[in-house]
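A.B. asks: I need the structure of the sequence given here:
(2 chains)
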Amino acid sequence: MSEKQAVSVELKDLVKVFPAYGTQGDFTAVNHVSLIAEPGEMVTLLGPSGCGKTTILRMVSGFEIPTSGQVLIGGKDVSTLPPNKRNVGMMFQSYALFPHLNVFENVAYGLRIKRIPDKEIKDRVHQVLELMQIEPFEQRMPNQLSGGQQQRVALARAVVTEPSVLLFDEPLSNLDAKLREYMRDELRKIQQRVGITSIYVTHDQSEAMAISDKVVVMRSGVIEQVGTATGIYTSPDNCFVADFMGKANFLPVTRWQPDGTAEVFGQTVHAKPSAKLGQKQPVLMVRPENVLLDENGPFTAKVETATYMGQTFQYVLNCQGTQISVADYRYHTNGVFRPGADVRWTMAEPSLRLIPAEEVKA
Amino acid sequence: MAVKQMRQQRRKEFVMLLRQPGLFACIVVILAILVLFCIFPVLRLLWTTITNQEGHLDLSNVEHIMNSTNFFTSLGNSLMLGLTVAVISTIIGYVFAYAVTRTNMPGKRFFHFMAMLPILSPPFVISLAMILLFGRSGVITKTLLHIRNHNVYGFGSLMIVQTLALFPLAYLNLKGMLESIDGSVEDASRSLGASRVKVFTSVTLPLSIPGVFSALLIVFAKSISDFGNPQVLAGNFSVLSVDAYMQITGLYDLKTGAFMALSILLPAMLAFFIQKYWVARKSFVTITGKPVGNIQRIRDRHIVVPLFIFCLLITVIVIMLYGTVVWISLVKTWGVDMSLSFKNYEFVFKRGMSAMQDTLLLALIATPITAVLGLVISFLLVRKRFFGKKLMEIASMIPFAVPGIALGIGYILSFNTPPVLLTGTAAIIVAALVFRTLSVGVEAGSNSLRAVDASIEEASTILGANNLTTFTRISLPLMRSALFSGLLNAFVRSMTSVSAVIFLVSVNWNLLTVSIMSEIEGSRLGVASAYCVVLMVIVVIALLILEVAVNGEGSRRKRK
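C.D. replies: Below you'll find the model as predicted:
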């Protein structure tokens, strides 16, 4: 709908320190974060709760003021610009619909603030309600809508004013699983159609992968890795990222070469070394779906547990004292192994990565 | 490094505030007003007591007062009265609150309403009734028991009257506390095999201890601050609030009066702020935002019946006292000619008309100012970050925390000279009424605002609305109930306040409550009672109008 040129959002060396409160000391929520969202791009901030992703979002929106560093929207520093003057749209975790206004008035609110003529407001609101497929509900109050409908109203309200940036603060976390997937795809479609630069905050890696052009994985106020969903999933820089983006096995490496040749459980494999490896002691990262049960495989192990998941049979193998998760998609042909059985296995070599050894947080 | 960072951040916050000139101006103006009307008068009071005529630091005056034995007697009396009333009121309040929240006792709404009655009426109505029933020519003492010259004045009566007037405060506090304790905790205790008594002593009571302390402190502060009742009923039992008044009106000794007012101001304020910042924080109650589920209400007769009888007894006493006031207002001459007549009302509507008009007018001016200012302050306190926030919070509470007498004296000391010359005007009365009640509005607004998801207002802001628009279009409609209770409270308190305004009334501007006091002093109790009844009727009418206005609009909105 908007023909406006999309703008970039840039964070420059952003720091946010929350002052000491009670017995707690100062808390550094965001620690020297630099990041750029290109015009029209959908960037996801992904990380566990308390990693600073929401704080970053609130600094872009203006509800928090950076301790140091800058927020640039379209190249202009907005660090001290009040939120109502930033022309930013936002979708809140709780939707934050105005409970005393009906759907139409909720969506029209931003346009009324801008003193747009009534006639135009009507057209634009209807247009966006149509886009969201909630036109029939325009006279309803928010509490008469289902979760998914409230979601759409919130999105309609955020985009109708044609903001230059759209912010999403875990907007799907209050929906049930099925609806969440559906709304996720809807959100993505609408964002692409409208073409607004967007920043999306979530702690759900599958949501992040499905929705974004660029994923930013964060931990304790620091960016751990930036990249495309596939890039991060297949080539994580460290154990934290590997573990947060889905399940991963970290196998002990006894000897290794800079080219990625490594010795694991007495066998030589060829893996790709991570860019951040350097001279550090590596571990071998392999995803459960890339551990293959194969009667000709070079490795042996004992089955510890076997769990039927429908799509897959999930095993925990014990190989020389190391537990290995396996997701077996081919249990129809491979057959099912019971706990205590001895199995042989191998790994899909192109997927193997050498990454710096590090303690993985549970 | 961290210090430098924080300074940097604060500077940025300030810059952002400057970029919202409306908000900035609003904060500055409110701070200035609060300092002028809430803090300055109290400081002025303090300053007056510790300086001499030339304005130099001089404690000889204080020393002089302290050396007179009367001062310590009065101080001791005030504190003793406060402690006794606090303990008894809290016990009664607890029983009421427990019965209402934890049992299936019949007539709960009725008891709740009756407990509210003393809050809706001027403070001295119960005192008046005491004199009528137990005084020299009291119905009970003289007519029924034929006791001649029974002396109703003194500690005993005062204690009873203050207890009846103040236990509602304890009740409200404890009711809120008991309601917010998750009933499932008590059910859990019961299912583990505890008896009712054990549940009470091991779970309910320990969890409500912070509420008990709150109630004790609030009632204590209000008791020692009380002026209306002791003025009417204390007799030879001297208390500081009355002494301070006497010093100023009788002996024209402003300095001594100021010092006495200050002597009750300190313990009252201390009790208030301890309650506010310490006890309230010690609360075990976790507010989840979820309505606490169905509590298993107690049905056992051996528990409910005694509680019911107790509540009934207290309520009957309250009804009897108020009934007496209505009765005497309709009687020709109390104790002499008990035939019914409207002559008291005729007098009230003839002679008291101007006071009535003044009172209504001033209350109607003060009420919306108080309510709106209270909500604006609560909006700023709950939602905004700015310099001087703590100052704003404390300042808005001070006039409520200090005894009315002290505030009144502070006002005449502060505003009887230029640049702010207000004595004798309506403005000074309105100011006293507004700021004395402000804290209640701020409290109600803050509580209701905290219940509103902050992101609703943020949604308005991010859509481009400035602070004023967000406040008027989003926050205010969502704070309707607080607006209602704020308006009601402001009106009731404006109509019934005595102590804060007794020094501020003038020939031009008189108030009903002050007229009633002077009628009581002149022993024209029939007229005083008629005034009281008129006053209470006005308050009840206002209550009904507001109720209809707010709820009527609410249901219309829902239908739409």
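A.B. asks: Need the nearest residue in space to the residue in chain B that chain A sits nearest to, chain neighbours excluded.
C.D. replies: Nearest residue of chain B to chain A: B:Leu463, at 3.5 Å (CB to the nearest CB). All C-beta atoms are positioned from the backbone trio N, CA, C, and that covers glycine. Excluding the flanking residues, the one nearest B:Leu463 by CB to CB, 6 or more residues apart in numbering or on different chains is A:Gly110, at 3.5 Å.
A.B. asks: after the helix or strand hosting that neighbour comes which helix or strand?
C.D. replies: Secondary structure from DSSP states H and E places A:Gly110 in helix A:103-113. Note on helix A:103-113: by DSSP H and E, the next helix or strand toward the C-terminus is helix A:118-131.
A.B. asks: Report all helices and strands that that following helix contacts.
C.D. replies: If you count contacts as 3 or more CB pairs under 8 Å, 6 or more residues apart in numbering or on different chains; DSSP states H and E, helix A:118-131 packs onto helix A:103-113, helix A:147-159.
A.B. asks: quick one on the thing from earlier: I'd guessed the residue of chain B closest to chain A sits against A:Val160; true?
C.D. replies: No: at 9.1 Å, B:Leu463 does not count as touching A:Val160 under the criterion of CB atoms under 8 Å.
A.B. asks: any shared contact partners between the two?
C.D. replies: Common contacts of B:Leu463 and A:Val160, defined by CB atoms under 8 Å, 6 or more residues apart in numbering or on different chains, comprise A:Gly110.
A.B. asks: Tell me which of those two has more neighbours.
C.D. replies: More neighbours surround B:Leu463 than the other of B:Leu463 and A:Val160, with 29 against 25 (other CB atoms under 10 Å in any protein chain shown).
A.B. asks: on that earlier part again, quick one: contacts for the residue nearest to B:Leu463?
C.D. replies: A:Gly110 makes contacts with A:157, A:160-161, B:463-464, as judged by CB under 8 Å, 6+ apart.
A.B. asks: mind running it again at 6 Å?
C.D. replies: A:Gly110 is in contact with A:161, B:463-464, counting by CB atoms under 6 Å, 6 or more residues apart in numbering or on different chains.
A.B. asks: same thing with A:Val15?
C.D. replies: A:32, A:67-69.
A.B. asks: hmm, back to that, and the helix holding A:Gly110, average pLDDT?
C.D. replies: Across helix A:103-113, the average pLDDT comes to 93.
A.B. asks: Can you pull up the residues of chain A that come close to chain B?
C.D. replies: Residues of chain A lying close to chain B by CB under 6 Å from any CB of the partner chain are A:17, A:19, A:26, A:61, A:63, A:65, A:67-68, A:80, A:82-84, A:88, A:90, A:92, A:94, A:96, A:100, A:109-110, A:113.
A.B. asks: Is A:Ile36 in a helix, a strand, or coil?
C.D. replies: For A:Ile36, the assignment made with DSSP: H, G, I helix; E, B strand; the rest coil gives strand.
A.B. asks: Pretty sure A:Glu10 is one of the things it touches, is it not?
C.D. replies: Yes: using CB atoms under 6 Å, A:Ile36 makes contact with A:Glu10 at a distance of 4.7 Å.
A.B. asks: Surely A:Leu166 is within a strand?
C.D. replies: Yes: looking at A:Leu166 with three-state DSSP, it is inside a strand.
A.B. asks: quick one on the thing from earlier: among the contacts of A:Val15, which pair sits farthest apart?
C.D. replies: A:His32 and A:Thr67 (10.6 Å; CB to CB).
A.B. asks: A:Lys189: neighbour count?
C.D. replies: As a burial measure, A:Lys189 scores 10 neighbours (other CB under 10 Å).
A.B. asks: Which element, helix or strand, includes it?
C.D. replies: When elements are assigned from DSSP H and E, A:Lys189 belongs to helix A:177-194.
A.B. asks: Please enumerate residues in contact with the next helix or strand after that helix?
C.D. replies: Where DSSP H and E defines the elements, the next helix or strand beyond helix A:177-194 is strand A:197-202. The contact list for strand A:197-202, computed with CB under 6 Å, 6+ apart, reads A:6-7, A:9, A:37, A:39-45, A:53-54, A:57, A:165-170, A:191, A:208.
A.B. asks: hmm, back to that, will you turn the contacts of A:Gly110 into CSV that also has distance to B:Thr103?
C.D. replies: Listed next are the contacts of A:Gly110 as CSV, based on distance: CB to CB, whole Å:
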residue, distance to B:Thr103
A:Thr161, 55
B:Leu463, 49
B:Gly464, 53
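A.B. asks: for those, which one is nearest B:Ile317?
C.D. replies: Set against B:Ile317, the nearest of the contacts of A:Gly110 by CB to CB is B:Leu463 (56.6 Å).
A.B. asks: May I have the phi/psi pair for the closest one?
C.D. replies: Dihedral angles of B:Leu463 (phi, psi; degrees, to the nearest 10) stand at phi -80, psi 0.
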